[in-house]
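Student: This is a predicted model, with the sequence first.
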Amino acid sequence: MAKNAGTLWLDAIEAEESGDRDRALELSRDVVHIDPTHSDAWMMVARMELPPVSRGKQEMPDLKQASKSMSALMKVTELDPDNRRAWDLGGTLMVDHLGMLQDALGWWERRRDVEPTETTPLIEQIAILTRMGYYEGCADLLEELFSPEMDAVDGGNRVRMERVSQTVARATKLESDEIFKPQQPKHPRWSKVEMLKDKKPVSETLWLFLFVAPFSFFIGVIGMMAFGNSTWGFAIVFLILLSSIILISRLTMGMLQRVNRHALDLERAIDFETSTGKVCIPPVIRSSKLYSSLIQNKMPAIQERVALIVESGEKMPSKWELELP
């Protein structure tokens with residue numbers, strides 16, 4: 001006897017609870033086939049399409065898995081616009097796993113239509129515009145983000161708001177002379193990237209050991225000489241050392257970005273390619289050590305997408321511009 005959508009849905013929940021993800025996915029697909037308006041079943045499809053946690057570690061989805069999950073999440077947000085989890089997961093897939101930054105701007109704009117005073121969509125849009133070099137577009141969004149009309153935020157979101165504001169300020173200062181536009185083949189920054197194409201970016205960890213740690217150690221030595229002869233002295237020195245590491249790290253972050261600017265420029269070019277589905281990176285740079293190191297750090301789905309984009313060989317128009325929300 002054929003089962004109805006309600007019975008199949010109960011079976012799908014039972015399959016998930018028992019750990020049978022394949023069965024849960026199959027049953028949730030059957031549910032949405034019978035009842036395309038079943039938002040909970042679409043959400044299960046989106047979750048089950050993604051890899052499970054294995055040995056306590058979340059495996060990253062490939063291009064097929066991320067795309068199928070994203071398609072299901074679009075149905076969820078269409079049927080249940082208040083499903084915040086679906087919006088958050090969709091935003092993560094679009095940006096981190098698919099590299100579809102242009103589409104992600106629209107995704108978060110639709111979320112703003114549902115919840116105009118929520119801060120998360122604004123934070124995500126500002127982060128995208130910063131990555132793409134559209135700093136003027138960030139100004140109005142930053143002003144709106146900190147306006148009294150927005151929702152009150154907890155400590156975690158407050159830190160994110162302050163961090164994104166600092167990121168915009170540093171990025172704007174870094175490119176105060178010229179904003180890199182990868183879609184322009186003759187942009188002067190391309191020659192700088194080519195010149196340093198075999199120089200890998202300096203990691204924050206290496207920067208910490210080579211630059212921040214020596215200064216902090218020097219401050220710690222001075223602190224020990226001044227306060228280290230008592231129990232309270234050791235506590236004071238520890239606080240001074242901890243504060244100095246945090247302060248020096250923040251103050252030198254702009255310096256690290258300048259050292260890595262060639263890598264940040266190439267990162268933006270990759271973002272442009274994954275956002276448009278067209279190529280703009282010169283072959284001489286794509287075959288470099290710098291490009292290889294950046295691509296290897298990308299999510300598996302993005303690596304697959306980039307390979308397909310490169311294979312297509314379709315050139316990005318030099319006058320292409322991001323569609324701002």
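Tutor: Cool, got the structure.

Student: Not counting its neighbours along the chain, what's nearest Lys68?
Tutor: Glu49 (4.4 Å; C-beta to C-beta, 6 or more residues apart in numbering). Backbone N, C-alpha and C define where each C-beta goes, glycine included.

Student: ok, the one you found - how many residues close by?
Tutor: Glu49 has 22 neighbours, counted by other C-beta atoms under 10 Å.

Student: Please apply the same query to Ser191.
Tutor: Neighbour tally, Ser191, other C-beta under 10 Å: 9.

Student: pLDDT value on it, please?
Tutor: For Ser191, the pLDDT comes out at 95.

Student: And the helix or strand encompassing it, what does it pack against?
Tutor: Under the criterion of DSSP states H and E, Ser191 resides in helix 188-195. If contacts are counted by 3 or more C-beta pairs under 8 Å, 6 or more residues apart in numbering; DSSP states H and E, helix 188-195 sits against helix 261-276, helix 283-286.

Student: surely Ile295 meets Gln303?
Tutor: Yes: between Ile295 and Gln303 there is a contact under C-beta atoms under 8 Å: 6.1 Å.

Student: and His38, how far is that from Val202?
Tutor: 50 Å (C-beta to C-beta, to the nearest Å).

Student: what residue lies at the spatial centre of this structure?
Tutor: Asp96 (4.7 Å; C-alpha atoms, centre = their mean).

Student: In a helix, that one, correct?
Tutor: Yes: according to DSSP: H, G, I helix; E, B strand; the rest coil, Asp96 belongs to a helix.

Student: lowest-confidence helix or strand of the chain?
Tutor: Every helix and strand in the chain was compared by mean pLDDT, DSSP states H and E; the lowest is helix 213-227, with a mean of 64.

Student: quick revisit: distance-wise, check the nearest residue to the residue nearest to the centre of the chain once chain neighbours are set aside relative to Leu98.
Tutor: Of all residues not flanking Asp96 in the chain, Met299 sits nearest, at 5.9 Å (C-beta to C-beta, 6+ apart). Distance, Met299 to Leu98, by C-beta to C-beta: 9 Å.

Student: One more: Gln58?
Tutor: 17 Å.

Student: The helices and strands packed on helix 188-195 into a markdown table, with extra columns for mean neighbour count, mean pLDDT and distance to Asp80?
Tutor: Converted to a markdown table, the helices and strands packed on helix 188-195 look like this (neighbours: other C-beta atoms under 10 Å; pLDDT from 0 to 100; distance: least, C-beta to C-beta, whole Å):
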| stretch | mean neighbour count | mean pLDDT | distance to Asp80 |
| --- | --- | --- | --- |
| helix 261-276 | 21 | 96 | 27 |
| helix 283-286 | 14 | 96 | 42 |
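
Student: and those as CSV, adding distance to Met43?
Tutor: Compiled in CSV, the helices and strands packed on helix 188-195 are given as follows (distance: least, C-beta to C-beta, whole Å):
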stretch, distance to Met43
helix 261-276, 26
helix 283-286, 38
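
Student: is it true that Ser288 touches Lys199?
Tutor: No: between Ser288 and Lys199 there is no contact under C-beta under 8 Å: 9.2 Å.

Student: Which one of the two is surrounded by more residues?
Tutor: Using other C-beta under 10 Å, the more surrounded residue of Ser288 and Lys199 is Ser288, with 21 against 16.

Student: OK, contacts around the nearest residue to that one once chain neighbours are set aside?
Tutor: In this structure, Ser288 finds its nearest non-sequential neighbour in Lys197, 3.6 Å apart by C-beta to C-beta, 6+ apart. Lys197 is in contact with His262, Val284, Ile285, Ser288, Lys289, Leu290, Tyr291, counting by C-beta atoms under 8 Å, 6 or more residues apart in numbering.

Student: before we move on, what about Met74?
Tutor: Gly90.

Student: ok, back up a step: more crowded one of His38 and Val202?
Tutor: Neighbour totals were compared for His38 and Val202, and His38 leads with 22 against 14 (other C-beta under 10 Å).

Student: residue contacts, that one?
Tutor: Ala5, Trp9, Val31, Val32, Leu79.

Student: re earlier: which pLDDT value goes with the residue nearest to the centre of the chain?
Tutor: 96.

Student: Same check on Leu324?
Tutor: 84.

Student: Got phi/psi on it?
Tutor: As for Leu324, its main-chain torsions (degrees, to the nearest 10) stand at phi -80, psi 140.

Student: Nearest spatial neighbour of it, chain-adjacent residues omitted?
Tutor: Closest to Leu324 by C-beta to C-beta, 6+ apart is Gly137, at 5.1 Å.

Student: Okay, now the unreliable bits of the stretch 1-150 of the chain?
Tutor: 1-2 (pLDDT under 70).
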